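Enquirer: task: produce atomic coordinates for the following.
(2 chains)
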Amino acid sequence: GQQLNQSPQSMFIQEGEDVSMNCTSSSIFNTWLWYKQDPGEGPVLLIALYKAGELTSNGRLTAQFGITRKDSFLNISASIPSDVGIYFCAGLASGTYKYIFGTGTRLKVLA
Amino acid sequence: DVKVTQSSRYLVKRTGEKVFLECVQDMDHENMFWYRQDPGLGLRLIYFSYDVKMKEKGDIPEGYSVSREKKERFSLILESASTNQTSMYLCASSLGHQGQPQHFGDGTRLSIL
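Expert: The predicted structure follows:
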């Protein structure tokens, strides 16, 4: 099945640093979602985006729906140790219930 | 808060056994989904259901079947388990309107020996 290109695949950062990751697709999407998955747990929804250009924040997290509708970005400001985990993007095209998931960005925070 | 509950966190079964994975959601969601998650392959959709007794194949349905007799419950069945079905299985649900986000359970880590 189709997958999104998510980058970077992994990141090692120092506590307090800002983090940026993105997803790109060859298809146009109407909805973008961002999830975080802790080890041994299921993905937890962080942010949902529904309109091109939309910028939405959830605490230290900010996500944007790209103008072309083929990409999305997630930024984490002032990272803390509990930000460790895998971050997934998911996109939904018009007329379907099937989200396409990115391969994930594995984030490690060094104290 | 949406609650999606998977019946087992860890499960160990033997090759050839019939295996049932159960998923229950408490938010009256129309849509329910089963995925498997493997390192390097991401989430792959096995089956989904958009209504009671309705099901559609996802990207990797071979070796699996599903059952949705009640709106809140979606079961994944491995008819004859094989070692290549060892994986993390994730259930998700969403409202029926297009564009609604999916909410996931905590997953079942299944090992087939």
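
Enquirer: pLDDT weak spots in chain B?
Expert: Counting by pLDDT under 70, the ranges of chain B that qualify are B:1-2.

Enquirer: can you pull out the strands in it?
Expert: The residue ranges that make up the strands of chain B, judged by DSSP state E, are B:4-6, B:10-13, B:19-25, B:31-38, B:42-51, B:54-57, B:64-70, B:73-78, B:87-94, B:103-104, B:108-112.

Enquirer: now swap in chain A and tell me
Expert: Using DSSP E, strands in chain A cover A:5-7, A:10-14, A:19-24, A:31-37, A:44-49, A:55-58, A:61-65, A:71-76, A:85-92, A:100-101, A:105-110.

Enquirer: quick one: closest of those to B:L43.
Expert: Minimum separation from B:L43 across the strands of chain A (CB to CB) falls at strand A:100-101, 4.4 Å. C-beta here means a position set from N, CA and C on the backbone, and glycine is covered the same way.

Enquirer: what residues does chain B put near chain A?
Expert: Within chain B, the positions lying close to chain A (CB under 8 Å from any CB of the partner chain) are B:4, B:6, B:9, B:31, B:40-45, B:48, B:50, B:58-60, B:90, B:94, B:98-99, B:101-107, B:109.

Enquirer: give me phi/psi at the closest residue to chain A within chain B?
Expert: Taking CB to the nearest CB, chain A has its nearest neighbour within chain B at B:D59, 3.5 Å off. Main-chain dihedrals, B:D59, degrees, to the nearest 10: phi -90, psi -20.

Enquirer: I figured it hits B:R44, correct?
Expert: Yes - at 5.4 Å, B:D59 counts as touching B:R44 under the criterion of CB atoms under 8 Å.

Enquirer: okay, now B:R36: neighbour count?
Expert: Neighbours of B:R36 under the rule other CB atoms under 10 Å in any protein chain shown: 23.

Enquirer: who touches the nearest residue to it once chain neighbours are set aside in this structure?
Expert: Setting aside the residues directly before and after it, B:R36 is nearest to B:S87 in space (CB to CB, 6 or more residues apart in numbering or on different chains), at 4.4 Å. For B:S87, the set of contacting residues under the criterion of CB atoms under 8 Å, 6 or more residues apart in numbering or on different chains consists of B:R36, B:Q37, B:D38, B:R109, B:L110.

Enquirer: now list the buried members of those.
Expert: In terms of neighbour count (16 or more other CB atoms under 10 Å in any protein chain shown), the buried residues within the contacts of B:S87 are B:R36, B:Q37, B:R109, B:L110.

Enquirer: what's the closest of these to A:V44?
Expert: Distance to A:V44, by CB to CB, is smallest for B:Q37 among the buried ones among the contacts of B:S87, at 14.2 Å.

Enquirer: could you pull up the residues touching the residue nearest to the closest one when sequence neighbours are not counted?
Expert: Counting by CB to CB, 6+ apart, the nearest residue to B:Q37 once its immediate chain neighbours are dropped is B:M88, at 4.4 Å. Contact partners of B:M88, counting by CB under 8 Å, 6+ apart, are B:R36, B:Q37, B:D38, B:G107, B:T108, B:R109, B:L110.
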